[in-house]
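Visitor: Based on what follows, work out the 3D shape:
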Amino acid sequence: MNPENEFNDRLIRLPELERIFGVCKRTVRRKAEAGELPPLVRSGGVVGMLESKVKEYFRRLSGQGAN
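Guide: Below is the predicted model:
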């Protein structure tokens, strides 16, 4: 991860993750727990994924690596 982005990383909440991945929140949770999606993060009662991890996930899928 680029250190400049580390402090600007947004937490994407479950409703938006449902739209991004095209599955229900239960499936998002299950796939994250199985390691098929980036890990879920809990912060102050909110659950989501770090935007940087989601972008990295899609870069890997497209074959561009983690850069």
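
Visitor: Which positions within the helix ranked longest in the chain qualify as buried?
Guide: Determined from DSSP state H, the single longest helix within the chain is helix 51-61. Neighbour counts over helix 51-61 (16 or more other CB atoms under 10 Å) mark 51, 52, 53, 54, 56, 57 as buried. C-beta here means a position set from N, CA and C on the backbone, and glycine is covered the same way.

Visitor: following the lowest-mean-pLDDT helix or strand in the chain, which helix or strand shows up next?
Guide: Among the helical and strand segments of the chain, the one scoring lowest on mean pLDDT, DSSP states H and E is helix 3-6, with a mean of 56. Going down the chain from helix 3-6, the next helix or strand is strand 11-13, by DSSP states H and E.

Visitor: what does that next one contact?
Guide: Contact with strand 11-13 is made by 20, 41, 43, 46, 47, 48, 49, 50, 51, 54, as judged by CB atoms under 8 Å, 6 or more residues apart in numbering.

Visitor: what sits against the fourth one?
Guide: Applying CB under 8 Å, 6+ apart to residue 46 gives the contacts 11, 13.

Visitor: sorry, back to before: taking the contacts of strand 11-13, tell me the two that lie furthest apart.
Guide: 20 and 43 (18.5 Å; CB to CB).
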